[in-house]
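Peer 1: dropping the sequence and predicted coords here.
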2 protein chains.
Amino acid sequence: MKIPVMEVFGPTIQGEGMVIGQKTMFVRTGGCDYSCSWCDSSFTWDGTARSELLEVEAIIKKIKETGGEYFSHVTISGGNPALHKGIGELVDRCHEEGWKVAIETQGSIWQEWMKEIDDVTISPKPPSSNMKTDFEKLDFYVEQLKDRKFSLKVVVFTEEDFRYAEQIHVRYPKVPFYLQIGNEDISTTDDEALLSKLLHAYEWLIDRATKSTIMNDAKVLPQLHTLIWGNKRGV
Amino acid sequence: MKIPVMEVFGPTIQGEGMVIGQKTMFVRTGGCDYSCSWCDSSFTWDGTARSELLEVEAIIKKIKETGGEYFSHVTISGGNPALHKGIGELVDRCHEEGWKVAIETQGSIWQEWMKEIDDVTISPKPPSSNMKTDFEKLDFYVEQLKDRKFSLKVVVFTEEDFRYAEQIHVRYPKVPFYLQIGNEDISTTDDEALLSKLLHAYEWLIDRATKSTIMNDAKVLPQLHTLIWGNKRGV
Ligand code: SF4
Ligand code: SF4
């Protein structure tokens, strides 16, 4: 089965979430059922870039050509990779090669292969995204993954987003929970100004989380790659 | 049993290692059997600050007074907390209160209570510290903790440190492994210059790790608190 691939890059580090810091390859798939106002990968769905429709074997080959012997972990990102049935086969092939696989999805579309993935991050989108969370679907997702290694992550831009994050964490109290600062300026090339903005936003989010009893067991993280490389793609 | 306590602070976030981002309280104990050249907590052992010798109940009280209802996780740091037998009682009391407990130690002194701790980070010190690793002791440590949730972390300043880190990871291949950038300028108050230095060092370490097949399954992390707050203490 073919999968639309936007880019394959790495090895680099995973900059966010439950496997933050992990040395990994990235496979970015095309297409998303959402259109978040602040999407930092909108080229995967807004028509400004083209994907390549590839067979799983061709993707495996591309990963090997790009990463050589220098990786043992693959992150599938998007867009929303859960759009593509064929990823099940890709995950199996990665496992055959001895690689671990991580994924991130907003939790709007279920795929059975989700259960085969080593680290699943579900990242429901807060109000500032202008998207609406379908809580029935999210309940189903969490229920399906309950015996697996997975986490919930909410990107926070505003106080309203923070209260949404609290609501999510309260709804699924046993699921490891991550707060992440949003990047408000996804197009700037002024890395220094961006860095200062991001660190201030991060400090605000830490402060906000320390004042919330609901967040006592949360983890609060930045996007490491944005701190280092700004809005540069493919690093 | 009494424990020498340097400071109790929080809630804030854990800035490094296996529970990076975790909202937590900190209890910093006094004293260390090492004297690393670049120690960022040398006030715990070099005589420039005084600890307070406290009963476990007094420490629990202090944690509650400082953190109120705003935490459920406690990190014990040092110095080397493994110097103190009394910490076993402190860990038990924290668990009775419903708090999880994390610790970091260089792995030079074993204590049975180590097995009761939720997240143990063993951080053997690389050549640039001027300390010598006792590998027999480290082997024993890793063996004792083998069925528990623990990790190894090596701070890297130099290429020689990096090769030491590889040696550690090869010796204990199944233990989750973290690389961390060192802070070369532990006294500066020029936060902006420090930040730039730390991010460049981090970029170097990522690049170095991506070029090492040994590090394929490693995690590479900065110290988040230093990125945000520089060398400020108690945050
Ligand atoms: S779900 Fe993710 S990829 Fe899709 S629009 Fe939102 S941020 Fe972008
Ligand atoms: S082991 Fe830790 S506390 Fe002790 S001297 Fe070294 S860096 Fe400092």
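Peer 2: Arrived safely. Ligands and ions are numbered 1, 2, ... in the order given.
Peer 1: which other helices and strands contact the lengthiest strand in chain A?
Peer 2: Determined from DSSP state E, the single longest strand within chain A is strand A:2-13. Under the contact criterion of 3 or more CB pairs under 8 Å, 6 or more residues apart in numbering or on different chains; DSSP states H and E, strand A:2-13 touches strand A:23-29, strand A:52-55, helix A:56-67, helix A:224-229, helix B:191-210. Using the backbone N, CA and C atoms, a C-beta is placed for each residue, glycine as well.
Peer 1: how distant is the first one from the center of its chain?
Peer 2: Once both centres are worked out by CA atoms, centre = their mean, to the nearest Å, strand A:23-29 turns out to sit 11 Å from its chain's centre.
Peer 1: now the angle from it to helix A:56-67?
Peer 2: With axes from the mean of the first three to the mean of the last three CA atoms, to 10 degrees applied, the angle from strand A:23-29 to helix A:56-67 works out at 140 degrees.
Peer 1: can you lay out the helices and strands packed on strand A:2-13 as TSV showing mean pLDDT and mean neighbour count?
Peer 2: Supplementary listing: these in TSV, determined by pLDDT from 0 to 100; neighbours: other CB atoms under 10 Å in any protein chain shown:
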stretch	mean pLDDT	mean neighbour count
strand A:23-29	98	25
strand A:52-55	97	15
helix A:56-67	98	17
helix A:224-229	96	20
helix B:191-210	96	17
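Peer 1: neighbours of the residue lying closest to residue A:213 once chain neighbours are set aside, how many?
Peer 2: With sequence-adjacent residues excluded and distances taken as CB to CB, 6 or more residues apart in numbering or on different chains, residue A:213 is closest to residue B:69, at 5.2 Å. When neighbours are defined as other CB atoms under 10 Å in any protein chain shown, residue B:69 has 9 of them.
Peer 1: select, out of the helices and strands packed on strand A:2-13, the one closest to residue B:35.
Peer 2: In terms of CB to CB, the element of the helices and strands packed on strand A:2-13 nearest to residue B:35 is helix B:191-210, at 22.7 Å.
Peer 1: what does chain A put close to chain B?
Peer 2: Within chain A, the positions lying close to chain B (CB under 8 Å from any CB of the partner chain) are A:10-13, A:19-23, A:69-73, A:100, A:178, A:195, A:199, A:202-203, A:206, A:209-213, A:215-222, A:224, A:227-228.
Peer 1: quick check: phi and psi on the residue nearest to residue A:213?
Peer 2: phi -100, psi 10 (degrees, to the nearest 10).
Peer 1: closest to the centroid, which residue in chain A?
Peer 2: Central residue of chain A (CA atoms, centre = their mean): residue A:104, 3.7 Å from the mean position.
Peer 1: which pLDDT value goes with the residue nearest to residue A:213?
Peer 2: Per-residue pLDDT puts residue B:69 at 98.
Peer 1: also residue A:3?
Peer 2: Residue A:3 carries a pLDDT value of 97.
Peer 1: mind exporting stretch A:159-166 as PDB, just the C-alpha atoms?
Peer 2: Below are the C-alpha coordinates for stretch A:159-166, written out as PDB (Å, rounded to 0.1, in the frame of the first residue of the first chain):
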ATOM      1  CA  GLU A 159      -4.900  30.700  29.500                       C
ATOM      2  CA  GLU A 160      -8.000  29.200  27.700                       C
ATOM      3  CA  ASP A 161      -5.700  26.500  26.200                       C
ATOM      4  CA  PHE A 162      -4.300  25.800  29.700                       C
ATOM      5  CA  ARG A 163      -7.800  25.200  31.000                       C
ATOM      6  CA  TYR A 164      -8.500  22.900  28.100                       C
ATOM      7  CA  ALA A 165      -5.300  21.000  29.000                       C
ATOM      8  CA  GLU A 166      -6.500  20.700  32.600                       C
END
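Peer 1: quick one: it near ligand 1?
Peer 2: No - if you take CB under 6 Å from any ligand atom as the test, stretch A:159-166 misses ligand 1, and the best it gets is 13.2 Å.
Peer 1: what's that stretch in contact with?
Peer 2: By CB atoms under 8 Å, 6 or more residues apart in numbering or on different chains, the residues outside stretch A:159-166 that reach it are A:126-128, A:154-156, A:179, A:182, A:205, A:208, A:212, A:214-215.
Peer 1: equivalent analysis for stretch A:178-188, please.
Peer 2: Defining contact as CB under 8 Å, 6+ apart, one finds that stretch A:178-188 is touched by A:16-18, A:38-40, A:121, A:128, A:151-157, A:161-162, A:165, A:194, A:197-198, A:201-202, A:205, A:209, A:215, A:218-223, A:226, A:230-231, B:21.
Peer 1: got the end-to-end distance for that stretch?
Peer 2: Its first and final residues considered, stretch A:178-188 spans 26 Å by CA to CA, to the nearest Å.
Peer 1: stretch A:45-60 too?
Peer 2: One end of stretch A:45-60 sits 23 Å from the other (CA to CA).
Peer 1: ok, stretch A:167-183 next?
Peer 2: 22 Å.
Peer 1: that one near ligand 1 anywhere?
Peer 2: No - counting by CB under 6 Å from any ligand atom, no contacts exist between stretch A:167-183 and ligand 1, the nearest distance being 9.9 Å.
Peer 1: secondary structure element for the closest residue to residue A:44 other than its chain neighbours?
Peer 2: What sits nearest to residue A:44 in space, not counting adjacent residues and going by CB to CB, 6+ apart, is residue A:79, at 3.8 Å. Residue A:79 belongs to no helix or strand when assigned by DSSP states H and E.
Peer 1: state the distance from residue A:79 to residue A:120.
Peer 2: Between residue A:79 and residue A:120 the distance is 16 Å, computed by CB to CB, to the nearest Å.
Peer 1: and residue A:45, by the same measure?
Peer 2: Remark: distance between residue A:45 and residue A:120 (CB to CB) = 21 Å.
Peer 1: for residue A:111, same thing?
Peer 2: 11 Å.
Peer 1: count the neighbours of the nearest residue to the residue nearest to the centre of chain A once chain neighbours are set aside for me.
Peer 2: The shortest distance from residue A:104 to any non-neighbouring residue, by CB to CB, 6+ apart, is to residue A:121 (4.3 Å). Residues near residue A:121, counting by other CB under 10 Å, number 25.
Peer 1: so how far is residue A:18 from residue A:75?
Peer 2: Residue A:75 sits 11 Å away from residue A:18, going by CB to CB.
Peer 1: among the contacts of stretch A:178-188, which lie within helices?
Peer 2: Per DSSP state H, helices hold the following members of the contacts of stretch A:178-188: A:161, A:162, A:165, A:194, A:197, A:198, A:201, A:202, A:205, A:209, A:226.
Peer 1: so the fourth one makes contact with residue A:229?
Peer 2: Think residue A:194. No - using CB atoms under 8 Å, residue A:194 is not in contact with residue A:229, being 10.2 Å away.
Peer 1: what touches both of these two?
Peer 2: Shared contacts of residue A:194 and residue A:229, defined by CB under 8 Å, 6+ apart, are absent.
Peer 1: please name the residues that touch residue A:10.
Peer 2: By CB under 8 Å, 6+ apart, the contact list for residue A:10 reads A:24, A:25, A:26, A:66, A:67, A:71, B:210.
Peer 1: the second one and residue A:65 touch, don't they?
Peer 2: No - the pair formed by residue A:25 and residue A:65 falls short of the contact definition of CB under 8 Å, at 10.8 Å.
Peer 1: give me the spatial nearest neighbour of the residue in chain A positioned nearest to ligand 2, chain neighbours excluded.
Peer 2: Nearest residue of chain A to ligand 2: residue A:21, at 20.3 Å (CB to the nearest ligand atom). Once flanking residues are discounted, residue A:21 sits nearest to residue B:219: 3.6 Å by CB to CB, 6+ apart.
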